[in-house]
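Asks: Generate a structure from the sequence data that follows.
(2 chains)
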Amino acid sequence: MFSLWLGAYDQGLAFAGLALGTYLTLRVLNFPDLTVDGSFALGGGSAAVLISQGHPVPLALGLALLLGGVAGMVTGLIHTRLGVNDLFAGILTTTALYSITLRLMGRSNIPLPYTPEGVMRLPDLGLGMDGRWAIALTLVVCGLVLLVSLLLRTDFGLSLRALGNNPTMARANGINQGRGLTIGIAAANALVALAGALVAIYQGFADVTMGIGSLVLGLGMVIIGQSVLRPRSVPKALLAAAIGAILFRTLIALALQMGLEPVDLKLATAALLLAALTFGRLRLPGLSRNSGEG
Amino acid sequence: MSLIVDQLAWGHPLPGSGWRQLFSNFSLTCPQGQFVVVIGSNGSGKSTLLNLVAGTLTLQSGIIQLEGRPLHQLRDYQRARMIGRVMQNPLEGTCPGLSVAENLRLAERRRRPATWWHDVMSIHPNAADRRRYRELLADLGLPLADRLDEPVGQLSGGQRQTLSLVMATLSSPDLLLLDEHTAALDPRAEATVMALTDRLVRQLGTTALMVTHSLEQALGHGDRLVMLHQGKLIGDWSSSERKALSPGSLRSMYGSP
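Replies: The predicted structure is shown next:
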């Protein structure tokens, strides 16, 4: 039983970058970004290609970050420079990313049967491989939360938060909206792609379809984290998003334990999110009524 | 900085068909440091003039210069760095989800030429920023000094508008635009905001354009009063000439060409 919870903890942490990226676009920038479905798979696929060719894992994670950032930047530029609607800009990029990821991978699925050496070198703690993964992923996610939290407390982060909060006022204060949005969306997708790479390494394979439903998954994680912890500051909100990812995977583990068929998981996730958007206090840009109250 | 509006033309399509030419060959010069109050009936072009100067509406012809720099040739954010603006709605001028200190920081950095490296490497607002804001607000006699970490959304309309005014003037703008900025306030808050407006405009020596519907404000504030009607300047009084006017005489001029 304990290994089930530890596995859920590990999976939650692997997905935490997705929750952080979703938080950044939806809650900070007020931008409904559908690119995440494509960038998650892009991160997983590109990392899998490098690792399967014998390149070091940190290099693969770095490439995933970079490519995710580029994907987000493309969505940002399509929206800000070409004036394409925010939702449609994300759909366009994510559609294109499917082909790009498939091209990169060369096939639809790449197995990654070996645990990275860095994880193997971590102390055992008597919990087997899941314990080692827990240490590695905790370190990575704590670093990410700290980094994003610090970034959002700088002048640059303040500009991003102002853009999401009141774009008219932000522009009146000399903030370049196009540049801010583009960089913000790029940063969010870099985090999402990193999560894709971590998930691929953790689960032992990358699949070109692994990003389907990522936005809904990320939203679910953010909702759970915010509902449970009710954060009142940016660092706490980021921590809540990461903890939301763990709670979300724990709920899934619980549901599977109680007999939910794995094939019904995405249906259950979508139904849960719909209920939260319809009846709950969550208001999201372009996704629910009165979204401006956010 | 002196503001020159020269040969301005601007119109807009009417619902259905047709065209309404609001401004034709409109000119107005405001010397450096002059506080100009603009009045006129609804549709006379007061707010449109402010929007054209601020760049939220695009010039169709003519030129608007601030100290010789044509404003319409600047990018939005470059123009925003030169102009402070307080809107009619207290919700529009601030970020309700950010704290008072964070809003002040946004306004303070408006003109500061920072490298992107500085933007991403230093935490703001920090303790020194907070101390500075506390002193500034206390100097201005504003009770916000003790509420720096509160979200602006929790402030009253008057407090938000006061903050909005402080933010608009914080980076010493070349031009201050006040668009009926007391219209949504109760009389007490209006008096506070107008007293602060006078003080800040004098203190900074900035050129200011204030649009108002209040004839009491028009007669009691600023260095110059101008009246618009259907995009034309139909009255222009210096502060000494204005002494001969009364709310009644101004009211009788409303709507007359």
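Asks: Can you tell me how far B:M253 is from B:V37?
Replies: Distance of B:M253 to B:V37, given as Cβ to Cβ, to the nearest Å: 14 Å. From N, CA and C alone the C-beta is placed, and that goes for glycine too.
Asks: So for these two, which sits in the more crowded spot?
Replies: Set B:M253 next to B:V37 and count neighbours by other Cβ atoms under 10 Å in any protein chain shown: B:V37 wins out with 25 against 16.
Asks: Next, the more buried one: secondary structure please.
Replies: At B:V37 the chain is in strand, as set by DSSP: H, G, I helix; E, B strand; the rest coil.
Asks: Could you double-check that it lies in contact with B:L215?
Replies: No. B:V37 is beyond contact range of B:L215, at 10.1 Å (criterion: Cβ atoms under 8 Å).
Asks: isn't A:V192 right up against A:Y23?
Replies: No. At 10.8 Å, A:V192 does not count as touching A:Y23 under the criterion of Cβ under 8 Å.
Asks: who has more neighbours, the two?
Replies: Set A:V192 next to A:Y23 and count neighbours by other Cβ under 10 Å: A:V192 wins out with 38 against 27.
Asks: That one sits in which helix or strand?
Replies: Per DSSP states H and E, A:V192 falls inside helix A:177-203.
Asks: now that helix, how far from the centre of its chain.
Replies: Distance of helix A:177-203 from the chain centroid (Cα atoms, centre = their mean, to the nearest Å) equals 7 Å.
Asks: got a list of what A:Q177 touches?
Replies: A:80, A:163, A:167, A:170-171, B:76-77 (Cβ atoms under 8 Å, 6 or more residues apart in numbering or on different chains).
Asks: Now with 6 Å, please.
Replies: Applying Cβ atoms under 6 Å, 6 or more residues apart in numbering or on different chains to A:Q177 gives the contacts A:163, A:171.
Asks: got it, and A:T250?
Replies: A:T250 neighbours (Cβ under 6 Å, 6+ apart): A:A8.
Asks: Figure out the helix or strand that it lives in.
Replies: Per DSSP H and E: A:T250 is located in helix A:234-257.
Asks: just to revisit the earlier point, the helix holding A:V192 vs helix A:234-257, what angle?
Replies: Per axes from the mean of the first three to the mean of the last three Cα atoms, to 10 degrees, the angle that helix A:177-203 makes with helix A:234-257 is 40 degrees.
Asks: What residues of helix A:177-203 count as buried?
Replies: For helix A:177-203, the neighbour count (16 or more other Cβ atoms under 10 Å in any protein chain shown) marks A:177-178, A:180-202 as buried.
Asks: Same question for stretch B:73-86.
Replies: Quick answer for stretch B:73-86 (16+ other Cβ under 10 Å): B:74, B:76-77, B:79-86.
Asks: Over to stretch A:95-108?
Replies: For stretch A:95-108, by 16+ other Cβ under 10 Å, it's A:97-98, A:100-101, A:104-105.
Asks: And stretch B:237-247, by the same measure?
Replies: B:237, B:242, B:245.
Asks: Let's have those residues in TSV, adding pLDDT, distance to B:Q60 and secondary structure.
Replies: As requested, the buried residues of stretch B:237-247 are exported to TSV (pLDDT from 0 to 100; distance: Cβ to Cβ, whole Å; DSSP: H, G, I helix; E, B strand; the rest coil):
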residue	pLDDT	distance to B:Q60	secondary structure
B:W237	94	29	strand
B:R242	88	32	helix
B:L245	86	33	coil
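Asks: Identify, from these, the entry nearest to B:V201.
Replies: Nearest to B:V201 among the buried residues of stretch B:237-247 is B:R242, at 16.5 Å by Cβ to Cβ.
Asks: Quick check: that closest one touching B:V226?
Replies: No. Counting by Cβ atoms under 6 Å, no contact exists between B:R242 and B:V226, whose distance comes to 10.6 Å.
Asks: picking up where we left off before, please tabulate the buried residues of stretch B:237-247 in TSV, including the columns distance to chain A.
Replies: As requested, the buried residues of stretch B:237-247 are arranged in TSV below (distance: Cβ to the nearest Cβ, whole Å):
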residue	distance to chain A
B:W237	30
B:R242	30
B:L245	33
